[in-house]
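> sequence unavailable; structure follows:
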């Protein structure tokens, strides 16, 4: 690899991997091409669509914008790690029930994003539409839409996504 | 609301767990990676390639250029003649490709390929009076021009006249999954995992291009990340991936980047449309003249056909519709959701709203007064036509009756508020297909057809159709699609997928029922159907079209020019609905794309360089979650015995048709300003307020 490779350790969905990677690799490409975890999608590869969203040390992040070499020691959760064995997470179940996707290509990013977003809201983090910045945010539809707007869906499944997030949180 | 069923998608679990594999995600050992080099001029000849630095990079397997690329058999779509010459016909055209051990190396090496051009002056500006303008000899849907009576004289004589010109921009489909192919050869047998809208079509195209027996080509496409028309014709990626795989003797993955898609995967032509309406004082139309000026590349002729929907909408004794093309040095235009109908109905339905305002007539009443008894051109009966019912149902649900028609008088704080309506239509189409149905010994059924699921829920819909014919529980039916080795089928396109595939599934299931005698042997019982004769034999004694009505409420911020859409309602008469759950989603998705068309979607062409400037999702805006608020789609219980055995009319496209006009008509109601150029972005809107 022309002397540009290096070693890192990544814990992905609870499993530790010692990896020899190209320093130019994005976390997304390491997940998809080196680890075969193709659940994380490449929609734009430049941080604009959200299809590659993963949880990076517990927070949602665009894996396409994260250089893998800079993530040595990180814990990553991808869509493949959201279910508990065969048992789908409440969000995954609600996405199916509420028809929160059509083609499904943005779905892994939506699910990781929603998982991270619910955690952010539970910690009291405000969004751009939060009125009282000191109170715990009331996660109504306006808040969900705002907080999920980093994940584009060209099929236009937004209504289902909002309904699924509401349902999973209930 | 009535439907055959309402089921969650059968592949839902795969899609929410990340198990669903799309094109290049299929695991293949030893795959190499391809990356394309695109032209940096819009017109000219390549005079030299310098590939030495790229080839010297460790891990590079080959650099393909027109000088060393294998010769391909010519096909009608010039876009597929990948690396077949040194001529450059548009900026962004593929001029070379690198194949390397890793994605990173392929990308780096592509950057190192140096191409020298003898550039010539390009012409990329579409104007209605362009000297190169012509009228296509043969359009897909019929003659390019239709004329009845004396439309121009009737216009001059009309007591009330509307004459206005509408401009719509180039728009890009932007499916979430970029076009991608994983190609592998085994001797002279080619297998591709490809993102497309019709595996049978991709197979026959590859067989032609590489001069192979179609039986030696297999196209596998279990999941597609959207297409909206852009994957309806095979794109250069599938040809190039196969070429590269053959060149290096290994499987090759090729995925276009988002930026590359703006030149390489098709887009909706910009249009300039002039609409003239002449009416009597009571609103009855005496003449309709609709002309459209559109562009096509020099590589591939494609007409957007924006005047086609006008031919079926309203009664008028005098009428003329015509569209004109100009071949420019631009990337190739192609299908985008409701090609022709989406921009055409924006223009017609905006003009109808303008007429209603001039007449002081309610826009719904104006449309009702011009409702034809049969097809406006030839009087043929419609197989079913419920436009008026859609308008009435929508008016009741939306609360139209207490609307004050006065424009520009409702202000809430910084926002001007208004409501608008527009009609929708889309033709009912169908392709021939083959299918098999099998009864298994365990009581289950298997249906096989080379259909495809772009996100429409085709597996689920065809399962419901099969179960209804077989009088079985849908859970008993497994549907196999997305593979060209399955019985041959047409595209997911033209809102015709379910109609064409469904017809074949019904016929195969009927044939199976006639074979069953209560006992299924261990090896099962199978029956096949081919609907070629049935579909081709369907007469044109009826005009077959879907109709609908869109209602929108808008808020226009007088300080920023920003437009929000707090409410949208679509009412559709599209025959029988198959899967209520997925159908509603598809209608809503079309309406949201219509919202994007009205307010944000615009591919800006850079005339200096000749390519689209807005080549990413930060500059080409599509609706995000927060852009969409209270949205609803409903359908009438429409029974049409003259379309196909299911009574379905197709739902993939009508959701976008007319949606933009409903929004812009609402903007006029809110502000009193008529915007005739899409999209209504703040820089266009604010100066007029």
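Cool, got the structure. This is a predicted model, so every value here is computed, not measured.
> which parts of the stretch 1-150 of chain B sit against chain A?
Contact residues, the stretch 1-150 of chain B versus chain A (Cβ under 8 Å from any Cβ of the partner chain): B:8-9, B:11-22, B:25, B:27, B:57-59, B:102-105, B:108. Where you see a C-beta, it was placed from the backbone N, CA and C, and this is true even at glycine.
> just the buried ones from those?
Taking 16 or more other Cβ atoms under 10 Å in any protein chain shown as the criterion, what is buried in these is B:8-9, B:11-13, B:15-18, B:20-22, B:25, B:57, B:59, B:102-105, B:108.
> what bridges to residue B:33?
The partner list for residue B:33 in beta bridges (DSSP bridges) reads residue B:100, residue B:253.
> pLDDT score for it?
Per-residue confidence (pLDDT) for residue B:33: 98.
> that one: neighbour count?
If you count neighbours by other Cβ atoms under 10 Å in any protein chain shown, residue B:33 ends up with 23.
> all strands for chain A, in order.
For chain A, the strands defined by DSSP state E cover A:5-12, A:15-22, A:53-56, A:59-62, A:75-77.
> name the surrounding residues that touch the second one.
Read that as strand A:15-22. When contacts are defined by Cβ atoms under 8 Å, 6 or more residues apart in numbering or on different chains, strand A:15-22 is touched by residues A:1, A:4-11, A:30, A:34-35, A:68-69, B:102, B:104-105.
> kindly report the same for the fourth one.
When contacts are taken as Cβ under 8 Å, 6+ apart, the neighbours of strand A:59-62 outside the stretch itself are A:28, A:47, A:50, A:52-55, A:112-113, A:115-117, A:120.
> please apply the same query to the first one.
Contacts made with strand A:5-12 from outside it, assessed by Cβ under 8 Å, 6+ apart, are listed as A:16-23, A:30-31, A:35, A:37, A:68-69, A:71-78, A:81.
> let's see that with 6 Å instead.
The contact list for strand A:5-12, computed with Cβ atoms under 6 Å, 6 or more residues apart in numbering or on different chains, reads A:17-23, A:69, A:72-73, A:75-76.
> and which of these is nearest to chain B?
Of all those, chain B sits closest to residue A:22, with 4.8 Å by Cβ to the nearest Cβ.
> hey, what's the closest one bridged with?
Beta bridges link residue A:22 to residue A:5, judged by DSSP bridges.
> give me the neighbour count for it.
23.
> same for the worst-scoring helix or strand of chain B on mean pLDDT, what does it pack against?
When the helices and strands of chain B are scored by mean pLDDT, DSSP states H and E, strand B:145-148 comes last with a mean of 88. Applying 3 or more Cβ pairs under 6 Å, 6 or more residues apart in numbering or on different chains; DSSP states H and E, one finds that strand B:145-148 makes contact with strand B:318-328.
> remind me what the strand it packs on packs against, helices and strands.
Using 3+ Cβ pairs under 6 Å, 6+ apart, strand B:318-328 sits against strand B:145-148, helix B:151-157, strand B:285-297.
> pick the most buried one from these.
Each of these was assessed for mean neighbour count using mean count of other Cβ atoms under 10 Å in any protein chain shown. The highest is strand B:285-297, with a mean of 25.
> any idea how far residue B:173 is from chain A?
8 Å (Cβ to the nearest Cβ, to the nearest Å).
> got the contact list for the residue nearest to that residue when sequence neighbours are not counted?
In this structure, residue B:173 finds its nearest non-sequential neighbour in residue B:230, 3.8 Å apart by Cβ to Cβ, 6 or more residues apart in numbering or on different chains. Residues near residue B:230 by Cβ under 6 Å, 6+ apart: B:173, B:265-266.
> residues in contact with the closest residue to chain A within the stretch 201-350 of chain B?
Here the stretch 201-350 of chain B gets closest to chain A at one residue, residue B:225, 3.0 Å apart by Cβ to the nearest Cβ. Residue B:225 sits next to A:103, A:105, B:22, B:175-177 when contact means Cβ under 6 Å, 6+ apart.
> farthest-apart pair in those residues, please.
Farthest pair in the contacts of residue B:225 (Cβ to Cβ) is B:22 and B:175. Separation: 10.8 Å.
> any idea which element the residue lying farthest from the centre of chain B lies in?
Most distant from the centre of chain B: residue B:519, at 45.1 Å, with distances by Cα atoms, centre = their mean. Under DSSP states H and E, no helix or strand contains residue B:519.
> got the phi/psi numbers for it?
Phi and psi for residue B:519, reported as degrees, to the nearest 10, are phi -120, psi 130.
> excluding chain neighbours, what is closest to residue B:573?
residue B:386 (3.6 Å).
> quick one: list the elements packing against whichever strand or helix holds residue B:397.
Applying DSSP H and E as the criterion places residue B:397 in helix B:387-398. On a contact count with 3+ Cβ pairs under 6 Å, 6+ apart, helix B:387-398 meets helix B:363-369, strand B:545-557, strand B:563-573.
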